[in-house]
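Colleague: Generate a structure from the sequence data that follows.
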Amino acid sequence: MWVSALVSSVLGTRLPGAGTVQLRQTQKHCGPVEVGDKITATATVREKFDARRIVTFDTRCTNQKGDVVSRGTAAVIAPLQGLTWPAAPEPDIYVRQHDRYARFVREAQERSPMRTAIVHPCSPQSLIAALEARDEGLIDPLLIGPIARIHAAAEAAHLDLMGVAIEAVEHSHAAAARAVELSATGQVAALMKGSQHTDELLWAIVAKGSGLRTDRRVSHVYAMDVPTYPKPLLVTDAAVNIAPTLEHKRDICQNAVDLLHMLGNERPSVAVLAAVETVNPKMSATIDAASLTAMAARGQISGATVDGPLAFDNAISSAAAATKGIVSPVAGNADILLVPDLEAGNMLAKQMMYFGAADAAGVVLGARVPVIVTSRADSLRVRLASVALAKLVAERRSN
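Modeller: Numbers count the residues shown, from 1 in each chain. All right, here's what the predicted structure looks like:
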C-alpha cells in the first residue's frame, strides 16, 4: 500500500501535478519492500487523449539496488492548467517503541511468583490488576478485605476467584493493618494497593511499631518510558511527599538511586530540578538543589552523580544546556529527575504521559517491602511493569 501511495504521490505532485484526478491504478508487486529500503517511483506517459484530458501511464517502483519491486499502470484526468499549491511543513515524526520495560519484566517472570498482599481489592479494576499479574507469573496474590465486597467486585468484572487465597477483614483500615503485619513477619514479600486511598496504606506502613519502617523516608518513583528520550527516566517524588525538606529529598534521591542500582545502572545521573539553573536565595528549590549537589560530593548521597539546580530543558537536552553555557556531568544525560515538590512532580509526570505518550510504572520505596501503586488509567504494560519493579526490589533486597 505504501508503494502504491508513492505512485499516487508522483501523479498528484509531479506528473501531471496538482489538480490531477486519478481514474484507475493497477499494481503488481514483484518483490519485497523492507524497513530501510529506499524506493523510487517513476511514471512514464504511454498515451494522451486530448479531448478528455485523459493520460495513461506505465508505473514502476525500484529499490536502492535497482530491483523492480512493483510495476503497473495508471489513468488520470490532467488539470486544464498548471496549479501551484504551497508546500505544507513536514511533521515531526517519532516511533513509539515502548520497549524499555521489557527487560526487567522478563527478568521478573523468570523468578518464582512473589507472594503479594493485595490490600482491600474491592473494585473490579484492582482485582483485574492483581489477576493479570498472577497470570503473567509475577505474583501469588493474597486478597485482604471484606469477602462480600471482594466477590461483588469479581462478579462485576466477570472474574473467577477459584484458587485465589482470601483473608477476610472488616474494612480498609483493617486490611492495611493485616497486610503490614504479614509483611513484617515475612509472610508476604510486597504490598499492592487495592481500592483504598494510597495514604491510608502508607500510614499503616510508617506507623510506629509497624515493623516496616526504616531510617529512610518513604517515597514514590515513576519509572518513565518516554518515546522521545533515549533511555529510561525516573521522576521522584510525584505521589507521596507533598513538600519535602532537604533531609527528605536526600532520602528520596537515595531511594531512586538504589532502584537504578538494582536495575543495573551502577552510577546514575541525578538532575535536581528547579525553575532556573542558578542559585537564587529567594527560590528555596535552588538552594536545596545546590545543597544536594554538595551532599553527594561529600558522600551523603552515594552511588550517583548529582547536580543542580537544573531547569527541565537543560536536564534532559544537551543542546539546551550548551545554548545556556552550562557545564555539567548531568545536563542532557539525566537518569533521575528529582523534583522540588509533589505538585511539580505530578504535573511533570502527567504532562509526559499525556502530551509525550510516555508510560509510567510506579512503586513506593523506603519501607522494608516495596509497595505497588497503579492507576485505573494504566495500561496492562504499565501495570505489569510496576509489579515487575517491585518484585526485583523485593528479591534483591532479601538477597
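Colleague: Enumerate the beta-bridge partners assigned to the most centrally placed residue in the chain.
Modeller: Among the residues of the chain, Asp359 comes closest to the average C-alpha position under Cα atoms, centre = their mean, at 2.1 Å. As for beta bridges, Asp359 partners with Asp225 under DSSP bridges.
Colleague: I figured it was touching Asp99, is that so?
Modeller: No - Asp359 is beyond contact range of Asp99, at 10.2 Å (criterion: Cβ atoms under 8 Å). (Each C-beta comes from the backbone N, C-alpha and C, glycine too.)
Colleague: got any residues that touch both of the two?
Modeller: Asp225 (Cβ atoms under 8 Å, 6 or more residues apart in numbering).
Colleague: I'd like the distance between the residue nearest to the centre of the chain and Ser375.
Modeller: Going from Asp359 to Ser375 by Cβ to Cβ, to the nearest Å gives 11 Å.
Colleague: Run through who's touching stretch 148-155.
Modeller: With Cβ under 8 Å, 6+ apart as the criterion, stretch 148-155 contacts Pro121, Cys122, Ser123, Pro124, Ser126, Leu127, Leu143, Asp160, Leu161, Ile166, Ser195.
Colleague: List the buried residues of stretch 59-74.
Modeller: Thr59, Arg60, Cys61, Thr62, Asn63, Val69, Ser70, Arg71, Gly72, Thr73, Ala74 (16 or more other Cβ atoms under 10 Å).
Colleague: Who are the contact partners of Ile118?
Modeller: For Ile118, the contacting residues are Ser126, Leu127, Ala130, Pro141, Leu142, Leu143, Ile144, Met192, Gly194, by Cβ under 8 Å, 6+ apart.
Colleague: State the helix or strand in which the fifth one lies.
Modeller: The reference is to Leu142. Using DSSP states H and E, Leu142 sits within strand 139-145.
Colleague: Any buried residues in stretch 104-122, and which?
Modeller: Buried-residue list, stretch 104-122, by 16+ other Cβ under 10 Å: 104-105, 108, 113-122.
Colleague: If you could redo that for stretch 305-315, that was the one I meant.
Modeller: Thr305, Val306, Asp307, Gly308, Pro309, Leu310, Ala311, Phe312, Asn314, Ala315.
Colleague: and what of stretch 312-329?
Modeller: Buried-residue list, stretch 312-329, by 16+ other Cβ under 10 Å: Phe312, Asn314, Ala315, Ile316, Ser317, Ala320, Ala321, Ile326, Ser328.
Colleague: so what's the third one closest to, chain neighbours aside?
Modeller: Pointing back at Ala315 there. Ala271 (3.6 Å; Cβ to Cβ, 6 or more residues apart in numbering).
Colleague: what kind of secondary structure is the one you found in?
Modeller: strand (DSSP: H, G, I helix; E, B strand; the rest coil).
Colleague: buried sites along stretch 329-348?
Modeller: Buried residues in stretch 329-348 (16+ other Cβ under 10 Å): 330-342, 344-346, 348.
Colleague: start to end distance for it?
Modeller: Using Cα to Cα, to the nearest Å, the end-to-end distance of stretch 329-348 comes to 23 Å.
Colleague: any chance you could map the helices in the chain?
Modeller: With DSSP state H as the criterion, the chain has helices at 2-13, 102-109, 124-135, 147-156, 172-184, 198-206, 246-262, 284-297, 312-316, 318-323, 342-354, 380-398.
Colleague: what sits up against the last one?
Modeller: The reference is to helix 380-398. 98, 101, 104-105, 107-109, 111, 114, 116, 129, 132-133, 136, 138-139, 189-190, 192, 223, 225, 259, 262-263, 359-363, 365, 368-374, 378.
Colleague: and it with helix 124-135, angle?
Modeller: Calculated by axes from the mean of the first three to the mean of the last three Cα atoms, to 10 degrees, helix 380-398 forms an angle of 60 degrees with helix 124-135.
Colleague: What is the neighbour count of Ala238?
Modeller: Residues contacting Ala238 under the criterion other Cβ atoms under 10 Å number 24.
Colleague: hmm, I was thinking of Ile128
Modeller: 19.
Colleague: Against Gln196, how distant is it?
Modeller: Going from Ile128 to Gln196 by Cβ to Cβ gives 16 Å.
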